[in-house]
Structures are given as C-alpha cells and as structure tokens.
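Novice: only geometry, no sequence info:
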DNA sequence: GCTATTTGTCGAAGCGCTTCGACGAACACG
DNA sequence: CGTGTTCGTCGAAGCGCTTCGACAAATAGC
C-alpha cells in the first residue's frame, strides 16, 4: 500500500503539498496538482482512514442505530437505512450500523472510540434513555422520531398529527362522517413510540374540528387482532363508512377479514392507509394512502447531521408535511 | 477525552503497560492490572479507533455489502444484516454498511483506505464483477451466495439443491406424484443469482430420481404473474396435487388466487414453500416450509471472516443443510 | 551457587496523515 | 521603487496507539 510520502516522492513535492491537493485547504498550482494527481492514480493511492482520523479528528463515518425485530415494519426500516446510506455517500461519508439492542453502551462505545463523526438514531421512544447519553457525547446526533423531550438534540420525522388530520379531511371531503381509526398494536403505544400518540392526537383533534363521529382502537397482531379490533369498533360506533389504518401489519389480514365478511372496499367501506407507497400499491386493492416518506426523512437526517458537523445551526425539529395519494380504496358518499 | 498516557499517569505505569493490559499480549501482574483498570474506569477512557488502526493495522470493523431494492425479499435481507451485525459484535467488531450499487468502487474504497478488516458480500451473481476485485484486496472476504467461480473466496449459503430435493421428498412422502415448482421471477434468473438455478437443478434431479411428474416455471410479480404462471403449469401438467413455491413475493397473491378459484390448501392442493419462518407462519394458511436460515448463514459468514483474519484455514464453500418444518399446508394423498 | 529462563515493566520508534508556521517568489499599490 | 499581500510550497510537530528490544528481578535447572 503506497503512502502519502510515496506519492510525494513520485510527484516531486512534499507530503504536505499532496495533502493540500487532496483537501483543497490551500492553493496549489495547476501543474503541481496535475503531477500529484497523476502520481496518485498511478500508484493507486488511498489515504489511510485511521491515520486521517487520528490527525484530523474526522472519520467520515456516521453511526446509524436501527431497531431490531420490533413491531416497526421491516421494509420501512430498510427504506430508512438505504436512504441514510445513500445520502451519507453523497457527503463522502460511510455508515456504521449499530443495533438498538446495544443500547446506550453501543453509542458510548463508537463515540468514545471516535469511530464516527455523528450519530443518527431511529425508533426513539417517548422517554428514551439514550437521549441523555447522546447529550453527553462530543459528537452531534440526530433523532428520527420525536421524543417528549429531545433535550436540544435535532429531530426529524413525518408530521403524524398533520397526517392524521389530512386522512380525515380526505375522507370528510368524500362525504364520510363516521370514521374509525385502526391504530398500531398496543405494544407500540406501551413502548412509548410517540408517532402512535401523535397520530392519535391529530386524529382526535381533527375529528372534533371537522365535526365527525369517530372511534380509535389499537389493533393487535394477526387476523385475531384485526377481528377483535373491528368488533370493538362496531360496538362503539356502528356503521362506520370509512377506516383510517395506521398499522401496516394489519393491512393484509384486515382486507382479508373484510372480504370474508362480505364488505367490499371501497363500495361498502373506504380506507385510507398510512404506509409506504410500495405497500399501498401491492395489495389486492390499491390503497389511497399517506405515504411514509422514509427516504426523505433519512436524507434529511443526514443533511442535518452534516450541517451540525459544519457548525451550522439547524432547527431543533423538522416535521415533514404529509402527502395523500389517491388510489382505489376511497369512494364518495353523498 | 483521556488518552492512554493519561491512564498511564493515573495508574503510575508506562503507556506500554496500559496497552498490554488492554491487549493481553504480555503478562502483567494482577496488581498492576487492577490499578490500570481502575484508572481506565475512573477516567472513562476509550482507545482511539483511528490511532489503534494506524498502529496495529487492525480496524475491528467488517464491511457488509447489501443489495438495494432488488427482487430479494427485504425481510430476508434484514435478517442477514442483523445476524451479521450481532455476530460481529460477539467478536468485538462493528459493521460498516455498503450498498451493492456502489459496485466495485465501494469495495476498493473501504479496503484501500483500510477502513475494514474483512468484507462480507451478499447477493453475489453467477459471474459477479466484484469477485476479481475482491481477490485483489489485501483484506479477506466472504460471499453469501455461490457464484460459478468463487476464485478461492470463501462462500456460505443454504444448500438450495438439497432444499429442492427435500421439498420433493416431503411431498412424495405424502403420496404426491404430480408436482409443480413456482420459481422466482424471471428477473432473478436473468440477473444470474445462482440460488434460483441451483434450486431448479436440485428440483429436476430429485424429480427424476423419485420418478415424479413435475414442471417448473418462473413466476413474475404480482397477481398477474401468479395467474400466468398457474395457467402455464396447468397447460403443461394438468392436475398437479402439490406446489413447491420458491418465491416469497408470490406467496400472498398465490394463496389469494387459489382461494378465488376455489382450490383449497391443503385439501385440494398441497404447498411447500421456501421462505423464512416468520413469513410461513404469518399467512392465512400456516405453510409447511423449508426455512431460509438467514441467521445461521449470516453468523457463519462472520465466523468464517474471523477465521480468515486469524490466519486459520477455512473450507472454501459451506452449504447449510435444509430443514423442512411441517405446518398446515400439506395433506396426504393415498 | 551459578547460569538459563521466565516474568513484568519501560522507553522509544514508528504507523500515515493533517496542519501550522515559515519563507521565497510574484504581484499590487501609491 | 519600497512595502504589503497573496500565492505556492516545504518542514516539522504532533494525533494516540502498538510493539519491539532492553533490562531488572524473580524463578528454575542442575
């Protein structure tokens, strides 16, 4: 492996000149640059990441903490991950993958060892123990999600309250007045992931504002969970004409259950789902949905981290506005 | 951030002694060890990863290259990823995540910069351009998959040929003689991922050996793909009594299509699927399946990498034996 | 009891890079 | 034409760690 001094010798310049050609931190004449670059290419030189990190205290690596086997849908997680990795690469950074189950120790390990320049943390909970730990690190961090108290840490997420409101407005616009929310599984609420409660709050508020009759219920896993949820809703508010489904896992069994009980979508029952685009279009009925913009959120998280690294001030919290895409699961009721 | 010399001073020893306490490469008396460890704990010392990498040429990081938005099922990819990350941690390594779309350049970048000790590459194709590139690196690598010519690189995968044979034996054991294979989408074959062809070969060979009547067809995406695939099979080999499904994406639309056309599973048609356990159990009918042991494969890949790093010789290719788990989608035919 | 060996520790030399200060050369200004 | 600047380059001092050789002390071997 050639080193910077091999390059310097080959190009007939000093090491520092090579370094400045690479970093652009000082002006170097065009001819010298050309010679250095030629030498680099010819020798197949790559700067040693460790040496660079040691000398510059910059690693060009971002940590990304992902949840493992939780009730967040796996494809959505993967979308975040690919968005973050792709965005990081556009800033010449790589991504070190940590799992949530390492908890606080994992964060302290990679930060303490100066393995990363910044951290991006997914699936933060209402009162996440990792937040104070992140605050203690010398590296900046960005949360994907919105805890009760972010303690000054930057957050990025979809605006779930606004999303709920949009779903209701969409249905109300189609003439629906009696609407039920099929929420995430009770486990999600218990775990304290705030997107569930933010959505619920948005739902309740918008319902009042629009003067609708609504109920909301969590929905447990599997066909059994769906059946139970539907039954309870039916008891509390009979004859709903539309469903807002904020639970990806429930989508397949829900449609199956409705079909089995003879309720057609959208003729008998309209549905607006909150899920990524590809899930919405891959089901038997193409669902009108509020897309979860995993890609945008991931990209924005990386951008925020980069701003922080460059010492730029950034807004504490960025909530992305929802977009509803009309497909085939909503009918008008007049 | 305290450095090793802060620790040394606090413990009243030399830097090298601290280093040897940490690495265990030289004998250090119990008392000294205790003092050093106390100092480390008190100061909250973490060795600087870059400095360590520079001095020792070891990074404690593994690269993992994952496919992005391909026709491999996302949950399966995620299982590999979590298995690799978890296994890596048991060896005190972290994982740097690369995406396949960076191609050869990504491998050369992280290896050339000495960011990683070894590379694990998923989704290798029949004649993958990355294989020669991997051979040129100074770091060892492990492939998940089995190319035509691994060029001396270690490979780990499920034994798909044996899996196909097991599926057929299972069905034959239940008295089925006319069996169809619903294969991956044509795109998978074209891309040259060998698991598809290995499975197909195993299927054909076992079929001949067992004296069965079989057909095999790829199956395109969505309900349309499934319908077309079923129709063609029906034309070529009418009245099959069982299906081997080697296509996760097709599972949901396939079951839906069978239900719609009034064919009950398993009364009218038996099914053995090749998919991860959780997919098999989450469908309307719990499927008898050959589990894809993503966890085992990922773990084994990391173990292999570690052996390689320690200079231990390892077998060139490790193919894991399949396991068929009986559930509710196979009936006996006498 | 005297030479080998082992045990426990230290000092110093790098690992490959960035960055600061220095300095001559070229250029600008009045 | 002197005096400031800017430009382009160099040398050297680290960044924090590992590891090699050295060496005193303790232990073993005969």
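Specialist: Received, thanks. Predicted model only: the values in this text are computed from it and were never measured.

Novice: Only C-alpha atoms from now on, for both contacts and neighbour counts.
Specialist: Fine.

Novice: Run through the helices of the stretch 101-250 of chain A in chain order.
Specialist: A:103-112, A:130-136, A:160-173, A:186-191, A:194-210, A:222-236, A:248-260 (DSSP state H, counting those that start in this stretch).

Novice: what mean pLDDT would you report for stretch A:207-226?
Specialist: The predicted model assigns stretch A:207-226 a mean pLDDT of 93.

Novice: Could you give me the buried positions within it?
Specialist: Judged by neighbour count using 16 or more other Cα atoms under 10 Å in any protein chain shown, the buried positions of stretch A:207-226 are A:207, A:212, A:214-223, A:225-226.

Novice: circling back to that earlier point, mind putting the helices of the stretch 101-250 of chain A in JSON lines, distance to chain B included?
Specialist: Listed next are the helices of the stretch 101-250 of chain A as JSON lines, based on distance: least, Cα to the nearest Cα, whole Å:
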{"stretch": "helix A:103-112", "distance to chain B": "6"}
{"stretch": "helix A:130-136", "distance to chain B": "12"}
{"stretch": "helix A:160-173", "distance to chain B": "25"}
{"stretch": "helix A:186-191", "distance to chain B": "18"}
{"stretch": "helix A:194-210", "distance to chain B": "22"}
{"stretch": "helix A:222-236", "distance to chain B": "7"}
{"stretch": "helix A:248-260", "distance to chain B": "8"}
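
Novice: Give me whichever of those is most buried.
Specialist: helix A:160-173 (a mean of 22; mean count of other Cα atoms under 10 Å in any protein chain shown).

Novice: which helices and strands sit right next to that helix?
Specialist: If you count contacts as 3 or more Cα pairs under 8 Å, 6 or more residues apart in numbering or on different chains; DSSP states H and E, helix A:160-173 packs onto helix A:194-210, strand A:242-245.

Novice: Okay, angle between the first one and helix A:160-173 too, please.
Specialist: What it means is helix A:194-210. Counting by axes from the mean of the first three to the mean of the last three Cα atoms, to 10 degrees, helix A:194-210 points 40 degrees away from the direction of helix A:160-173.

Novice: Report the distance from helix A:194-210 to the chain centre.
Specialist: 20 Å (Cα atoms, centre = their mean, to the nearest Å).

Novice: Show me what that helix is in contact with.
Specialist: Contacting residues not belonging to helix A:194-210 are listed as A:125-126, A:145-148, A:160-165, A:168-169, A:172, A:183-184, A:188-189, A:213-214, A:216 [Cα atoms under 8 Å, 6 or more residues apart in numbering or on different chains].

Novice: ok, now stretch A:139-154?
Specialist: Stretch A:139-154 is contacted from outside by A:111, A:116-128, A:131-132, A:134-135, A:155-158, A:193-195, A:297-298, A:301, A:304-305, A:308-309, A:314-317, using Cα under 8 Å, 6+ apart.

Novice: show me what contacts residue A:124?
Specialist: The contact partners of residue A:124, by Cα under 8 Å, 6+ apart, come to A:143-147, A:193.

Novice: same check, this time on residue A:40
Specialist: residue A:7.

Novice: in which helix or strand would I find it?
Specialist: Here residue A:40, judged by DSSP states H and E, is contained in helix A:30-43.

Novice: residues near the residue of the stretch 201-334 of chain A found nearest DNA strand C, how many?
Specialist: Using Cα to the nearest atom of the strand, the single residue of the stretch 201-334 of chain A nearest to DNA strand C is residue A:310, 12.6 Å away. For residue A:310, the count of nearby residues is 9 (other Cα atoms under 10 Å in any protein chain shown).

Novice: Residue B:25 versus that one, what's the distance?
Specialist: Separation of residue A:310 from residue B:25 (Cα to Cα, to the nearest Å) stands at 40 Å.

Novice: go on, residue A:232?
Specialist: For residue A:232 relative to residue B:25 (Cα to Cα), the value is 65 Å.

Novice: ok, back up a step: can you redo the contacts of residue A:124 as TSV with distance to residue B:236?
Specialist: Below are the contacts of residue A:124 laid out as TSV (distance: Cα to Cα, whole Å):
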residue	distance to residue B:236
A:143	55
A:144	52
A:145	53
A:146	56
A:147	59
A:193	52
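
Novice: Could you restrict those residues to the ones contacting DNA strand C?
Specialist: The subset of the contacts of residue A:124 within reach of DNA strand C, by Cα under 7 Å from any atom of the strand, is empty.

Novice: Can you tell me which of these comes closest to DNA strand D?
Specialist: Using Cα to the nearest atom of the strand, the contacts of residue A:124 come closest to DNA strand D at residue A:143, 27.7 Å.

Novice: And the pLDDT at that closest one?
Specialist: 97.

Novice: and it, bridged to which residues?
Specialist: For residue A:143, the beta-bridge partners under DSSP bridges are residue A:121, residue A:155.

Novice: Tell me how many other residues crowd residue A:33.
Specialist: Residue A:33: 18 neighbours (other Cα under 10 Å).

Novice: Let's see the pLDDT reported for it.
Specialist: Residue A:33 is given a pLDDT of 96.

Novice: contacting residues for the spatially closest residue to it that is not a sequence neighbour?
Specialist: Ranked by Cα to Cα, 6 or more residues apart in numbering or on different chains and with sequence neighbours excluded, the top spatial neighbour of residue A:33 is residue A:21, at 6.1 Å. Shown in contact with residue A:21 (Cα under 8 Å, 6+ apart): A:28, A:33, A:36.

Novice: What is the nearest of the residues you listed to DNA strand C?
Specialist: Distance to DNA strand C across the contacts of residue A:21 (Cα to the nearest atom of the strand) is lowest for residue A:28, with 10.9 Å.

Novice: nearest spatial neighbour of residue A:163, skipping sequence neighbours?
Specialist: Nearest to residue A:163 is residue A:322, by Cα to Cα, 6+ apart, at 5.3 Å.

Novice: what sits against the one you found?
Specialist: A:158-160, A:162-163, A:166, A:290-292.

Novice: roughly how far apart are it and DNA strand D?
Specialist: 45 Å (Cα to the nearest atom of the strand, to the nearest Å).

Novice: So that residue: helix, strand or coil?
Specialist: For residue A:322, the secondary structure call by DSSP: H, G, I helix; E, B strand; the rest coil comes out as coil.

Novice: Could I get the phi/psi values of it?
Specialist: Per-residue torsions, residue A:322: phi -80, psi 160 (degrees, to the nearest 10).

Novice: ok, which residues in the stretch 1-150 of chain A are in contact with chain B?
Specialist: A:1, A:45-54, A:68, A:74-75, A:78, A:82, A:85, A:94-99, A:109, A:112-115 (Cα under 8 Å from any Cα of the partner chain).

Novice: let's see 6 Å
Specialist: A:46-51, A:53-54, A:95-97, A:112-115 (Cα under 6 Å from any Cα of the partner chain).

Novice: and the residues you listed, which are buried?
Specialist: Listed as buried from the residues of the stretch 1-150 of chain A next to chain B are A:46-51, A:53-54, A:95-97, A:112-115; burial here means 16+ other Cα under 10 Å.

Novice: For the residue lying closest to residue A:218 once chain neighbours are set aside, grab the count of nearby residues.
Specialist: Distance criterion Cα to Cα, 6+ apart; nearest residue to residue A:218, sequence neighbours excluded, is residue A:183 at 4.2 Å. Neighbours of residue A:183 under the rule other Cα under 10 Å: 24.
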